[in-house]
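*Asks:* Mind looking at a prediction? Sequence and model below.
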Amino acid sequence: MVLTEVRPKRNDVTGKNCELMLESGKQIYYVAPVDANPVRNMSIFAQENMYCMPTKRKGSSNDDSGVEEWQGVNALCQMVDNAIEIEMDKDMFFGKRVLEIGFCTGLPSLFAWDNGASEVALHCYSKADLDFYVKPTMRRNNIPLNRCKFSSGDLAACKRALGGKKFDVVLAPELINTNESDFDAIHEIIDLALADDGICLMSARAYYPGVSGNLPSFLDLVKHRGRFDVFVRWQSPKTEIIPRKVIQLTHTIR
């Protein structure tokens, strides 16, 4: 999705086979640019990096490596792993239609497949990222590409790709790591994509240097629109300078 700012150009770097170990010991195998994700073990990261500052973004001239976005992916994956392994929510994905948007890497979608999702759709910021990293990640995990639906482009393209289809689970790492002017369109896409009884899981920092978007502002918009209820599913340690959360959105019952 190309939002107001230009996203990191992941496709400028050759893909490499990478691994991420979660706190449960589950290993995720994926393809990404070399050293794009600085974390290989979430248990070690949690112990050593609770005071880390987010990567400073550079607005419209942004050319950073996407480390901040990868940390959002890691947080979402850890939250889902906790839900399945600790909270024993074994039906989170079973028989569900799943959509991955935001900073799309395919990692959250792997959880969906491994836990019985009936179908998965992935929308990436750029077609190059989709072809060089996301699709190879799915192939590396022996997921037939004809069992997935792929699309790419900006917010308008994402809305068109939905085609009126509803999803039971929407996985949205770093979706609001952008300028606040995009929030209306983001809210609309979630509203259109989410089934009446579905859940949207979104990872986000309290705020991001370099862009106007931040979690409190987005939650204010959600409250004002009155379309969703909000629940915090995971949050980083309170000692972290700029905390990160995974929030859950569900349609408000009227």
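*Replies:* On my side now, so go ahead.
*Asks:* Mean pLDDT per helix and strand in the chain: which one sits at the bottom?
*Replies:* When the helices and strands of the chain are compared on mean pLDDT, DSSP states H and E, helix 42-48 comes out lowest with a mean of 74.
*Asks:* Return the set of buried residues in the helix or strand just after it.
*Replies:* Next along the chain after helix 42-48, taking DSSP states H and E as the criterion, comes helix 67-85. Within helix 67-85, the residues that count as buried by 16 or more other C-beta atoms under 10 Å are 67-84. Glycine gets a C-beta too; all of them are placed from N, C-alpha and C.
*Asks:* Run a quick neighbour tally on Glu188.
*Replies:* Burial of Glu188 is recorded as 14 neighbouring residues (other C-beta atoms under 10 Å).
*Asks:* Hmm, Cys158 and it touching each other?
*Replies:* No - under the criterion of C-beta atoms under 8 Å, Glu188 is not in contact with Cys158, lying 10.1 Å apart.
*Asks:* Just the buried residues of the helix or strand where Asp184 lies, please?
*Replies:* If you go by DSSP H and E, Asp184 is part of helix 183-193. Using 16+ other C-beta under 10 Å as the burial criterion, the residues of helix 183-193 that qualify are Phe183, Ala185, Ile186, His187, Ile189, Ile190, Ala193.
*Asks:* can you redo these as TSV with distance to Phe218?
*Replies:* Listed next are the buried residues of helix 183-193 as TSV, based on distance: C-beta to C-beta, whole Å:
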residue	distance to Phe218
Phe183	6
Ala185	12
Ile186	8
His187	8
Ile189	13
Ile190	10
Ala193	16
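*Asks:* wait, Asn74 sits on Phe45?
*Replies:* Yes - between Asn74 and Phe45 there is a contact at 7.4 Å, judged by C-beta under 8 Å.
*Asks:* if I look at those two, which residues touch both of them?
*Replies:* Val39 (C-beta atoms under 8 Å, 6 or more residues apart in numbering).
*Asks:* where does the stretch 1-150 of the chain dip in pLDDT?
*Replies:* In the predicted model, the stretch 1-150 of the chain carries pLDDT under 70 at residues 1-13, 46-65.
*Asks:* Counting neighbours, what do you get for Gly116?
*Replies:* 13.
*Asks:* likewise the one 4 residues further on?
*Replies:* By the measure other C-beta under 10 Å, the count of residues near Val120 is 26.
*Asks:* which residues touch it?
*Replies:* By C-beta under 8 Å, 6+ apart, the neighbours of Val120 are Val98, Leu99, Glu100, Ser109, Ala112, Trp113, Arg147, Cys148, Lys149.
*Asks:* Quick check: neighbours of the helix or strand that contains the first one in the sheet, parallel or antiparallel?
*Replies:* So that's Val98. Per DSSP H and E, Val98 falls inside strand 97-100. Counting by DSSP bridges, the strands paired with strand 97-100 are strand 119-124 (parallel), strand 167-173 (parallel).
*Asks:* Now the element after it, going C-ward?
*Replies:* Next element after strand 97-100 (DSSP H and E): helix 107-114.
*Asks:* got the CA coordinates for that following helix in PDB?
*Replies:* Listed next in PDB are the C-alpha coordinates belonging to helix 107-114 (Å, rounded to 0.1, in the frame of the first residue of the first chain):
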ATOM      1  CA  LEU A 107       4.500 -14.000   8.700                       C
ATOM      2  CA  PRO A 108       1.100 -13.500  10.400                       C
ATOM      3  CA  SER A 109      -0.600 -15.300   7.500                       C
ATOM      4  CA  LEU A 110       1.600 -18.400   8.200                       C
ATOM      5  CA  PHE A 111      -0.100 -18.600  11.600                       C
ATOM      6  CA  ALA A 112      -3.500 -18.600   9.900                       C
ATOM      7  CA  TRP A 113      -2.600 -21.400   7.600                       C
ATOM      8  CA  ASP A 114      -0.900 -23.500  10.300                       C
END
